[in-house]
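A.B. asks: Test case, fold it:
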Amino acid sequence: MSEPTPRPTTPDELPPVDPPSARFILQLFVIPFVVVVILVCLLLIVYGLFGRLATGGRDALPLVQAIRSENENRRWRAAYELASLIYNEPKLARDSALLSSLGGLLHDELQKPVNRKSTEVAQYLALALGSFDPIPEVLAAASVDPVSVLLEALDDSAPPPVRTAAAQGLSRLAARSPRPLDASRIAPALAAATADPDPALRQNAAYALGYFDDPRGREALIRASADPNRFVRYNAAAALARLGDPAAIDVLREVLSTPDLLAALKADNPERASEAAGRAEAIQTEALLSLQSAPPSARDHLVEALRPLLLELSQAPSPRSIQIEARALLKK
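C.D. replies: Numbers count the residues shown, from 1 in each chain. Next up is the predicted model:
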């Protein structure tokens, strides 16, 4: 007879278990919790700062105060920063009080004796003034009329860089305005600027005239389309195209013929020949966008006259952006 299998033995009692100490609990739970809370708070602070910058939360008042200071370096840098801020931040671009302040500052700056620093300040103030949204509620609440101050800066008594910035400011205002600005008031001053000896002023005045349909402006643009400066001609053609004027066709053929345009740009500046393709793309894009902005019936006539060149631009090896714009025109 087999012996019974012995039953397993068990200890009489379990080993003693000590309760967790306060230090152990602190290390296991409390310290990690505190670390997580700190990290979350830091993330919220960073998010809040970047969110504020992204939504135009920067205060422009310190920059305005810097422009009013006697420190010439601070003044022009502050004007430069404001021009960029207003252009990119919708909230600032609709601030009537800021518009009033900068309009008054530009007017005062134009009364001062001309020197390099005051010219730089006035130049950037003109760009800043042109970056506001000229909607009725903003203009009604402002104590200055931005167009009047920019026309003052465009006067031939102002230095050429200030006049150039004023022409840019007027084109910016016109581009952002929900309704056409008074062409009969603005176009004559821009037309006079297209005859100035300074080519930069002529270029910008010609471009701005594309936003103001006025007989004197068109006459000035037709003259500018024969300007000895290539870029004045190109801007005049783009402006005429925006107005739907067939006088733009000859220069537009020059602009939209990629081999001819590249050859001309390289010949003008052999030292920057490597940049010619990028410059040509920018010039052609502006011409195509101007054609798209023309009144529909006039645009159809311009597109038909330029169809062979537009067909070429709509195919490779044109840059993708040029192909898209050319095809959009042909579809219209």
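A.B. asks: quick one, what contacts residue 216?
C.D. replies: Listed by C-beta atoms under 8 Å, 6 or more residues apart in numbering, the contact partners of residue 216 are 187, 188, 191. To be clear about C-beta, it is placed using only N, CA and C from the backbone, and glycine gets the same treatment.
A.B. asks: The first one: neighbour count?
C.D. replies: For residue 187, the count of nearby residues is 25 (other C-beta atoms under 10 Å).
A.B. asks: So which bits of stretch 276-285 are buried?
C.D. replies: For stretch 276-285, a neighbour-count test (16 or more other C-beta atoms under 10 Å) marks 276, 279, 280, 281, 283, 284 as buried.
A.B. asks: Just give me the closest of those residues to residue 132.
C.D. replies: Set against residue 132, the nearest of the buried residues of stretch 276-285 by C-beta to C-beta is residue 283 (28.2 Å).
A.B. asks: Dihedrals phi and psi, the closest residue to residue 256 other than its chain neighbours?
C.D. replies: Leaving aside its sequence neighbours, residue 256 sits nearest to residue 309 (C-beta to C-beta, 6 or more residues apart in numbering; 4.2 Å). The phi/psi pair for residue 309 (degrees, to the nearest 10) reads phi -70, psi -40.
A.B. asks: how far away is residue 309 from residue 273?
C.D. replies: Per C-beta to C-beta, to the nearest Å, residue 309 is found 23 Å from residue 273.
A.B. asks: Looking at the two now, which is surrounded by more residues?
C.D. replies: Between residue 309 and residue 273, residue 309 has the larger neighbour count (other C-beta under 10 Å), namely 18 against 13.
A.B. asks: Report the contact partners of that one.
C.D. replies: Contacts here follow C-beta under 8 Å, 6+ apart; on that basis residue 309 touches 253, 256, 257.
A.B. asks: That one and residue 268: what is the separation?
C.D. replies: The gap separating residue 309 from residue 268 is 21 Å, by C-beta to C-beta.
A.B. asks: go on, residue 177?
C.D. replies: 35 Å.
A.B. asks: Residue 244 now?
C.D. replies: From residue 244 to residue 268 the distance is 29 Å (C-beta to C-beta).
A.B. asks: same question, residue 294
C.D. replies: Applying C-beta to C-beta, the value for residue 294 to residue 268 is 28 Å.
A.B. asks: With only the CA atoms kept, save stretch 251-258 in CSV.
C.D. replies: C-alpha atoms of stretch 251-258 as CSV (Å, rounded to 0.1, in the frame of the first residue of the first chain):
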residue,chain,number,x,y,z
VAL,A,251,5.0,96.0,-73.4
LEU,A,252,3.1,93.0,-72.1
ARG,A,253,4.4,91.0,-75.0
GLU,A,254,7.9,92.0,-74.0
VAL,A,255,7.1,90.9,-70.4
LEU,A,256,5.4,87.6,-71.2
SER,A,257,8.0,86.4,-73.6
THR,A,258,10.2,84.5,-71.1
